[in-house]
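Colleague: Attaching a predicted model along with its sequence, questions to come.
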Amino acid sequence: MENKVKFTVTDLAPNVWQIHEEGAGQLVDCYLIVGETRAALVDSLMSRGDRRLYDIVRERTSLPVVVLHTHGHGDHVGAELREFIDAGCEVCVSEKDFPLMGSFGAKYPTEIFTKLRDGDRFDLGGRTLEVIELAGHTPGSVAFLDRENRQLFSGDTIGSGSIWMQLDHSTDLTTFLDGMKRLESTVAGIDNLMVYPGHRNQSPVQLTERYITDMRELAEMLVSGEMVGDPMQLAEGGARFPTALVARYGMVGALVYEPSKLK
Ligand SMILES: [Zn+2]
């Protein structure tokens, strides 16, 4: 039977590719970044696709590959990860997201994962990815910053059009705000920062450092009570999350949160 899940590869920048999954109810992205001595795959999609993700990577590099996960949700730690594990690739995720893993999608024993920590650096040869903890969407969400090349791979905690922080395991907004302040100061001075999220299709425009400032300001206004969101519409999932509120500001398409979890 033909596999209806399609993987599409897009060149984003020299030695950086976006691999997009479409067809199993989720539109999701992962990213391949190739250095001089090593390559990194940021997230591993959700479903089995029409082609093997491992082959897509191997067509572009023969270097050792480290698989770095932005968080533990099953649409980013997927079925295609199996071949990378079998090939002996190092696979990483924050320990704080271990309890979430396997909740949907593929299941892997957490012992196989290297634990990501804030400040970890992955030297790929000529380019480095720096781990920035950004708890919010999940407690173990992280972003990966390539400072030299002005790229931030952000998963779901920021960057996708609608940021879901109303989930049971999402952190309170104050914790998220603390992370956003640290991120904003970490990227200060980087112009034209390209933010590459886990669901890139949700943002109609390329997000930049301006988005990070907008998100920090929005979180600040919500925590202080200066701004209050609107009820989540049915089309956005309001029936499933009847008490959730949605706030919009600047480049931030939507931030969904529970008003009981400001602090
Ligand atoms: Zn997620």
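Modeller: Sure thing, it's come through. Residues are numbered from 1 along each chain as shown.

Colleague: Pull the number of nearby residues for Ala244.
Modeller: Ala244: 20 surrounding residues under other C-beta atoms under 10 Å. For every residue, glycine as well, the C-beta is placed using N, CA and C.

Colleague: likewise Val246?
Modeller: Residues near Val246, counting by other C-beta under 10 Å: 21.

Colleague: Checking my notes, it in a strand, right?
Modeller: Yes. Assessed by DSSP: H, G, I helix; E, B strand; the rest coil, Val246 belongs to a strand.

Colleague: what's across from it in the sheet?
Modeller: Asp230, Val256 (DSSP bridges).

Colleague: pLDDT score for it?
Modeller: We have a pLDDT of 97 for Val246.

Colleague: Please look at it and Gly237 and confirm they touch.
Modeller: No. Contact criterion C-beta atoms under 8 Å: Val246 and Gly237 do not qualify, at 9.8 Å.

Colleague: Tell me the residue of the stretch 101-250 of the chain that sits nearest the ion?
Modeller: Asp156 (3.6 Å; C-beta to the ion).

Colleague: Pull up the gap between that residue and Val28, please.
Modeller: 9 Å (C-beta to C-beta, to the nearest Å).

Colleague: what does the longest helix anywhere in the chain contact?
Modeller: If you go by DSSP state H, the chain has its longest helix at helix 209-224. Counting contacts by C-beta atoms under 8 Å, 6 or more residues apart in numbering, the residues outside helix 209-224 that touch it are 158-159, 163, 173-174, 176-177, 180-181, 183-184, 187, 190-193, 195, 226-229, 247, 249-252, 255, 257, 262-263.

Colleague: Going by neighbour count, which residues of that helix are buried?
Modeller: 209, 211-213, 215-220, 222-223 (16 or more other C-beta atoms under 10 Å).

Colleague: and what of stretch 246-254?
Modeller: In stretch 246-254, counting by 16+ other C-beta under 10 Å, buried: 246-247, 249, 251-254.

Colleague: could you dump it to PDB, C-alpha only?
Modeller: Extracted in PDB, the C-alpha atoms of stretch 246-254 (Å, rounded to 0.1, in the frame of the first residue of the first chain):
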ATOM      1  CA  VAL A 246      -5.600  32.700  23.900                       C
ATOM      2  CA  ALA A 247      -3.400  35.900  23.700                       C
ATOM      3  CA  ARG A 248      -2.100  37.500  20.500                       C
ATOM      4  CA  TYR A 249       0.600  40.200  20.300                       C
ATOM      5  CA  GLY A 250       3.000  41.400  17.600                       C
ATOM      6  CA  MET A 251       4.600  38.500  15.700                       C
ATOM      7  CA  VAL A 252       3.100  36.000  18.200                       C
ATOM      8  CA  GLY A 253       0.200  34.400  16.400                       C
ATOM      9  CA  ALA A 254      -1.300  32.800  19.500                       C
END
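
Colleague: Now do the SS call for the residue in the stretch 1-150 of the chain that the ion sits nearest to.
Modeller: Going by C-beta to the ion, the ion is nearest to His73 of the stretch 1-150 of the chain, at 3.5 Å. For His73, the assignment made with three-state DSSP gives coil.

Colleague: now swap in Asn201 and tell me
Modeller: Asn201 ends up helix, using three-state DSSP.
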